[in-house]
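**Student:** need the 3D shape of this:
(chains A, B, C and D)
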Number of protein chains: 2
Amino acid sequence: MRATIADIAKEAGVSKATVSRVLNERVEGVGPETRLRVKAVMDRLDFEPCGVARGLATGKSLSVGLVVPDIADPFFPLLIRGIEDALRSEGYGLFLCDSGLDIAKEKDHVRMLLEKRVDGVILNSTLSDCDCQLDLLERRSLPYVLLDRPIEARPSAAGVYTDNRGGARMAAEFLLGGGARRLLFVNGPAGLSVSKSRRAGVEDACRGRGLSPSALLHGEGDYSVESGERAVEALLGPPGATRGAFRLPFDAIFAANDRMAIGAMRSLRRRGIGVPESVEVVGFDDVEAAHLVEPPLTTIAQGAFAMGRESALLLLRLIAGARPRKRTIVIEPSLVIRGTTRPR
Amino acid sequence: MRATIADIAKEAGVSKATVSRVLNERVEGVGPETRLRVKAVMDRLDFEPCGVARGLATGKSLSVGLVVPDIADPFFPLLIRGIEDALRSEGYGLFLCDSGLDIAKEKDHVRMLLEKRVDGVILNSTLSDCDCQLDLLERRSLPYVLLDRPIEARPSAAGVYTDNRGGARMAAEFLLGGGARRLLFVNGPAGLSVSKSRRAGVEDACRGRGLSPSALLHGEGDYSVESGERAVEALLGPPGATRGAFRLPFDAIFAANDRMAIGAMRSLRRRGIGVPESVEVVGFDDVEAAHLVEPPLTTIAQGAFAMGRESALLLLRLIAGARPRKRTIVIEPSLVIRGTTRPR
DNA sequence: CTGTTAGCGCATTCAG
DNA sequence: CTGAATGCGCTAACAG
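**Tutor:** Residues are numbered from 1 along each chain as shown, chains lettered A, B, ... in the order given. From the prediction side, this is the model:
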C-alpha cells in the first residue's frame, strides 16, 4: 500500500503536522535533525505525496487547462512547448482539450475543466463572437487568458496575441523594399479580426512607401491551398491563357498563410512563371511545409513558443492573485527569408 | 461561494448522503420525488461537483496522462484526437507531457503524473531500451499502455503499434508491382526496432516477387530532409556529375519517412531527374507537407487516429480492472497514392 | 520547535 | 427510502 503522511509520522515518531511541514519545505517550525529523520523515513517508505488530497486541503490543483480549436494547427507544437516550459518549473500539469472547431464542445471542455478544479484556463477560442465559455469561467471566478484570438465581448480580458498588423507590414515592406510595384495581397476571410489587422499592416507599408493603398491588388481565401490557387487564377485566367510577353498584373504576392502562398506558387508554376524571378512570394505562419516546398518559402513566423510561454506566465500571475497592469501581451512575429524572394 | 452537497442537502431538507446518491445517479436508494427536488435545488444553486473531493473519496481522478517524446511530430494531432475521442465520453481528462526527446524529463513527467494521481498513462517513450519510467509506474501498480514504440525490457506490456513491416511491404510491393527493378530503400537509423521491421517488410516484398533482397540498394538517414538528400547523393555523386545517357543505379525510392523522401526528391530535381517518370518515390507518415510538395508525395499513412483511440480504450479497460487477452494492438497503415508514382 | 484539532467536499458503510 | 457517522490524505490554525 502507498504510504501516507500518517505512516511517516508514526514511523518517525512525530505528528502529521510535522511531516506536512517538512513535506512543504517550511523553513520555520521544524528542527534540523527532526527534519532529517522525517526525510529519511520518507524515502525509506518510498513516500509520494497525494496531489488530490493536497488539492482538497489547499483549494488548488496545480493544474491548468488549455483549450484549442484545432490541434492540427501547425503552430501548436511550439506553443505547447512554451506553455509547458513555464508550467513545469512550478509543478503545474496541463490538461489538453481540442474542441475541433465546435463551440459547443468547447463549452463542454470548459465545464469539464471546471469540475476538475483546474486553477486556470488558457483559451484559444473557436469563435471570437461568443462568450458563453467565459461566462462559466467568470461565474466561478476562475482566472483565464485568451490566446491568439480576442473575444469581442471582452475587450479587456487578459490575452496574448500575435502582432498581425506588424507582421503583415513587415512582409509588405520587404516586398516593396525589394522593388515590387504591384503587390497582390491574398487575405484570409474578411470579417475575421485578424484579417482586418493584416490588411491594415499591408496598407501601412504602402503608405510608408508613398504608395496609395488603392494600388494594391486584393484576393481572399479560406486559408486552404486551393483558395490560394484560385486567388491567382482569378487574376490570370485559366492556365494556358498566359503566354510569352504577357504582362503580369502583379510582381509580388503576400498571402495571409503559408498554405495559400503554396497554392499561389502552384498556380504560378503551372503557367511557367518563375518564383522568385518574375514574382516574389511571402507567406505567414512558417509551417513545416514552408521549407520543404521548392523553392522554400519566405514567410512570417509567429512567435509560437513565446506566445505559449507568455500566456502561461500571465495565467500563473493571475492565479497567484496579481492584477497586472499589462493584461494584454503582443508577440512580435519575425521575417524568415528563404527562396521565394530575391536576395536583397 | 461555490455550493457543496452540504448546501444542497440543507436547502433541500435532506442529508448529504441523499444528495450524493442523486449526484451519482444511483437508481436505488432515493425516492423519485426526493430526487427531483434535490435536482431542482442543484441547478438553482448552480451546483458543480468537486472532482478533487470525489477523487479523494473514490481513489480515482478521472484523468490519464499522455507522455510523448516530441510533440512536433506530425502524427500527433490525429493521435490526440483519437485519444480524446475515447476519453471524453467517459469523462476523463488528458494530461499532456512533452519530454522533448529527453529520457530524464520523461521520467520526471511520469513522476508528476503519479503525484497528480492519474488513473493511467499512455506512454510514447523516447527510448526503447530504458524502463526506468515503467519501474515507477509498476511500483504504484498504475496501468499503462505503450504507444508506437515497444520497450525491450517489457515484451509483454500492453501496447499499440503500427504495422511497420506490413506498411513497408505495401510500399515496396507497389513500387515493384509498377515495374521498378532497382529499388533504393532509405531506412531510418539502424538499431531502432522500427527500422528492422520496415526492412523486413521491404525484403518480404522482394521475395514475394521472386527477387533476391540482395538486389536492394540501401541508404540510411536520421529522418531529416538533409539525410534524404545525402542518401541519394551518395549514389549519384555531386549534382552536375550526372548527365544525359547516364544510367541511374535505381528507378524507385522508398524512404522510411516523408521528410527523407522529400529530401530525395530535392536531390533528384537538382539533377534534372524526373519524378515519377524516371524515378518513383514513396514516403512514410503522410505529413501535411506530403501533399504540398510538387509532385505531391505518394506515401504510407499511419492510422494515427485509430492508434490514439485504441490506446485510450485499452487503457480504460486496464483501469477498469480488466485483464484483456489481447494486450497488443497492431494498427494497419494504408497506401496513399499521389503524384510521385506513375498511374498503375 | 512540535503536537492537537479541525476541516476541505464527497462517497460509503451501517442503521433505522 | 433515508440519515448519521466515518474516512480519503493533507493543510492550517491554534496551543503548548
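**Student:** quick one: the helices in the stretch 1-150 of chain A, in order.
**Tutor:** Per DSSP state H, counting those that start in this stretch, the stretch 1-150 of chain A carries helices over the ranges A:5-12, A:16-23, A:32-44, A:51-58, A:76-88, A:103-115, A:132-139.
**Student:** got the angle between the first one and helix A:16-23?
**Tutor:** In terms of direction (axes from the mean of the first three to the mean of the last three Cα atoms, to 10 degrees), helix A:5-12 departs from helix A:16-23 by 100 degrees.
**Student:** output helix A:5-12 as PDB, restricted to C-alpha atoms.
**Tutor:** Listed next in PDB are the C-alpha coordinates belonging to helix A:5-12 (Å, rounded to 0.1, in the frame of the first residue of the first chain):
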ATOM      1  CA  ILE A   5       1.900  11.100   6.000                       C
ATOM      2  CA  ALA A   6       0.300   9.300   8.900                       C
ATOM      3  CA  ASP A   7       2.500   6.300   8.200                       C
ATOM      4  CA  ILE A   8       5.600   8.500   8.100                       C
ATOM      5  CA  ALA A   9       4.500  10.300  11.200                       C
ATOM      6  CA  LYS A  10       4.100   7.100  13.200                       C
ATOM      7  CA  GLU A  11       7.300   5.600  11.800                       C
ATOM      8  CA  ALA A  12       9.300   8.700  12.600                       C
END
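**Student:** quick one: buried residues of it?
**Tutor:** Going by neighbour count (16 or more other Cβ atoms under 10 Å in any protein chain shown), the buried part of helix A:5-12 is A:I5, A:D7, A:I8, A:A9, A:E11, A:A12. Glycine gets a C-beta too; all of them are placed from N, C-alpha and C.
**Student:** of the residues you listed, just say which sits nearest to A:G179.
**Tutor:** Checking the buried residues of helix A:5-12 against A:G179 by Cβ to Cβ gives A:I5 as the nearest, at 71.9 Å.
**Student:** pick the most buried one from the helices of the stretch 1-150 of chain A.
**Tutor:** Highest mean neighbour count among the helices of the stretch 1-150 of chain A (mean count of other Cβ atoms under 10 Å in any protein chain shown): helix A:76-88, with a mean of 22.
**Student:** ok now it, how far from the chain's centre?
**Tutor:** Distance of helix A:76-88 from its chain centroid, counting by Cα atoms, centre = their mean, to the nearest Å, is 10 Å.
**Student:** one step back: can you tell which of the helices of the stretch 1-150 of chain A is closest to B:L314?
**Tutor:** So among the helices of the stretch 1-150 of chain A, helix A:103-115 is nearest, using Cβ to Cβ, at 22.0 Å.
**Student:** list the contacts of the closest one.
**Tutor:** Here helix A:103-115 makes contact (Cβ atoms under 8 Å, 6 or more residues apart in numbering or on different chains) with A:65, A:67, A:69, A:95, A:97, A:99, A:121, A:123, A:125-127, A:130, A:132-133, A:136-137, A:140, A:142, B:48-51, B:88, B:91, B:93.
**Student:** how big is the angle separating that helix from helix A:132-139?
**Tutor:** 20 degrees.
**Student:** check the offset of helix A:103-115 from the chain's centre.
**Tutor:** Offset of helix A:103-115 from its chain centre (Cα atoms, centre = their mean): 20 Å.
**Student:** just the buried ones from the contacts of helix A:103-115?
**Tutor:** Neighbour-count burial (16+ other Cβ under 10 Å) is assigned, among the contacts of helix A:103-115, to A:65, A:67, A:69, A:95, A:97, A:99, A:121, A:123, A:125-127, A:130, A:133, A:136-137, A:142, B:48-51, B:88, B:93.
**Student:** among the residues you listed, which are within reach of DNA strand C?
**Tutor:** B:P49, B:C50 (Cβ under 7 Å from any atom of the strand).
**Student:** in strands only, show me the buried ones among the contacts of helix A:103-115.
**Tutor:** Those of the buried ones among the contacts of helix A:103-115 mapping onto strands are A:G65, A:V67, A:F95, A:C97, A:V121, A:L123, B:G93, per DSSP state E.
**Student:** A:A304 - nearest residue in space that isn't next to it in sequence?
**Tutor:** Spatially, and ignoring its direct neighbours in sequence, A:A304 is nearest to A:L78 (3.6 Å; Cβ to Cβ, 6 or more residues apart in numbering or on different chains).
**Student:** the one you found contacts A:F305, correct?
**Tutor:** Yes. If you go by Cβ atoms under 8 Å, A:L78 and A:F305 touch, sitting 4.5 Å apart.
**Student:** tell me the secondary structure for the nearest residue to A:L217 once chain neighbours are set aside?
**Tutor:** Distances taken as Cβ to Cβ, 6+ apart place A:L184 nearest to A:L217, at 4.3 Å, with adjacent residues excluded. Secondary structure assignment for A:L184 (DSSP: H, G, I helix; E, B strand; the rest coil): strand.
**Student:** where do the strands sit along the stretch 101-250 of chain A?
**Tutor:** A:120-123, A:144-147, A:159-162, A:183-187, A:217-220 (DSSP state E, counting those that start in this stretch).
**Student:** would you format those as CSV with distance to DNA strand D and mean pLDDT included?
**Tutor:** Shown next, in CSV, are the strands of the stretch 101-250 of chain A (distance: least, Cβ to the nearest atom of the strand, whole Å; pLDDT from 0 to 100):
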stretch, distance to DNA strand D, mean pLDDT
strand A:120-123, 18, 98
strand A:144-147, 23, 96
strand A:159-162, 30, 96
strand A:183-187, 52, 97
strand A:217-220, 55, 95
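**Student:** okay, domains of chain A per the record?
**Tutor:** A:5-58, A:63-162+A:304-332, A:164-302 (automatic domain parsing).
**Student:** name the residues of the stretch 51-200 of chain A found near DNA strand D, please.
**Tutor:** So the stretch 51-200 of chain A meets DNA strand D at A:A53, A:R54, A:L56, A:A57, A:T58 (Cβ under 7 Å from any atom of the strand).
**Student:** so which of those are also by DNA strand C?
**Tutor:** For DNA strand C, the contacts drawn from these by Cβ under 7 Å from any atom of the strand are A:A53, A:L56, A:A57.
**Student:** so how far is A:L62 from A:G321?
**Tutor:** A:G321 is 15 Å from A:L62, where distance means Cβ to Cβ, to the nearest Å.
**Student:** of the two, give the one with the bigger neighbour count.
**Tutor:** Taking other Cβ atoms under 10 Å in any protein chain shown, A:G321 and A:L62 do not tie; A:L62 has more neighbours (19 against 7).
**Student:** where does chain A have low pLDDT?
**Tutor:** Under the criterion pLDDT under 70, the flagged ranges of chain A are A:240-246.
**Student:** can you list the residues of it near DNA strand C?
**Tutor:** So far as Cβ under 7 Å from any atom of the strand goes, chain A lies against DNA strand C at A:13-18, A:21, A:28-31, A:33-35, A:53, A:56-57, A:59.
**Student:** run a quick neighbour tally on A:S89.
**Tutor:** Neighbour count for A:S89, taken as other Cβ under 10 Å: 9.
**Student:** and the one 5 residues further on, by the same measure?
**Tutor:** The burial count assigned to A:L94 is 21, neighbours taken as other Cβ under 10 Å.
**Student:** report the contact partners of the nearest residue to it once chain neighbours are set aside.
**Tutor:** Ranked by Cβ to Cβ, 6+ apart and with sequence neighbours excluded, the top spatial neighbour of A:L94 is B:L96, at 5.4 Å. Going by Cβ under 8 Å, 6+ apart, B:L96 touches A:I80, A:E84, A:L94, A:F95, A:L96, B:G65, B:L66, B:V68, B:I71, B:I80.
**Student:** switch these over to JSON lines; also include distance to B:T298.
**Tutor:** JSON lines is the format used below for the contacts of B:L96 (distance: Cβ to Cβ, whole Å):
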{"residue": "A:I80", "distance to B:T298": "31"}
{"residue": "A:E84", "distance to B:T298": "36"}
{"residue": "A:L94", "distance to B:T298": "37"}
{"residue": "A:F95", "distance to B:T298": "38"}
{"residue": "A:L96", "distance to B:T298": "32"}
{"residue": "B:G65", "distance to B:T298": "36"}
{"residue": "B:L66", "distance to B:T298": "31"}
{"residue": "B:V68", "distance to B:T298": "27"}
{"residue": "B:I71", "distance to B:T298": "27"}
{"residue": "B:I80", "distance to B:T298": "26"}
